[in-house]
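Novice: Have a look at this fold, sequence not included:
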């Protein structure tokens, strides 16, 4: 191989490598932009629409950034005075913002760790009922609709009526919140 042939093949390799980097960068950028426009911007709209929502930081994206059937709702930070109802309100308002979109499931994550999921149908129902459903009822029954990542239902439906049933449902919601994000938050801020 002559010196000119080596220079030519090195130039072609450099051009091919540059082309590959450009295409890969465009794909990554396109995936990020799609997630940003379809999921994160509607969430930002929810967070900015209500001053009470400023206590919560959330990243939302498709699972693996490309699985458009699965959304990851990831709490990335909460302030120390955040109440469990604040987090639920943001999730419900986001469901309302996404009510016309169908997902297979919505993963509930905290600080980058996936913890639970809701079916896409239930998430869509939450969004459609947001303006009309009693929020206390939603909070009481919410944990029954949560599944662990392996599909188990950790919070069975409460069969007790009256105050005992109400108290048990609230305990389930509190336990769910602890498992989802409260325990991790406390551990990070010791």
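Specialist: Perfect, thanks for sending it. This one's a predicted model, so the numbers in the text were calculated from it and none came from an experiment.
Novice: Start from the N-terminal end of this structure and give the helices.
Specialist: 3-35, 41-49, 84-97, 120-129, 135-142, 162-177, 183-188 (DSSP state H).
Novice: Which residues does the last one contact?
Specialist: Okay, so that is helix 183-188. 78, 110-111, 113 (C-beta atoms under 8 Å, 6 or more residues apart in numbering). C-beta: built from backbone N, CA, C; applies to glycine.
Novice: Only the buried subset of those residues, as a ChimeraX command please.
Specialist: To isolate the buried members of the contacts of helix 183-188 in ChimeraX, using 16 or more other C-beta atoms under 10 Å:
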select :78,110
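Novice: From the helices of the chain, pick the one with the highest average neighbour count.
Specialist: Ranked by mean neighbour count, those are led by helix 84-97 with a mean of 20 (mean count of other C-beta atoms under 10 Å).
Novice: can you give me how far that helix is from the chain middle?
Specialist: Relative to its parent chain, helix 84-97 has a centroid offset of 11 Å by C-alpha atoms, centre = their mean, to the nearest Å.
Novice: tell me which residues of the longest strand along the chain are tucked away?
Specialist: Assignment by DSSP state E gives strand 67-78 as the longest strand of the chain. Neighbour counts over strand 67-78 (16+ other C-beta under 10 Å) mark 70-75, 78 as buried.
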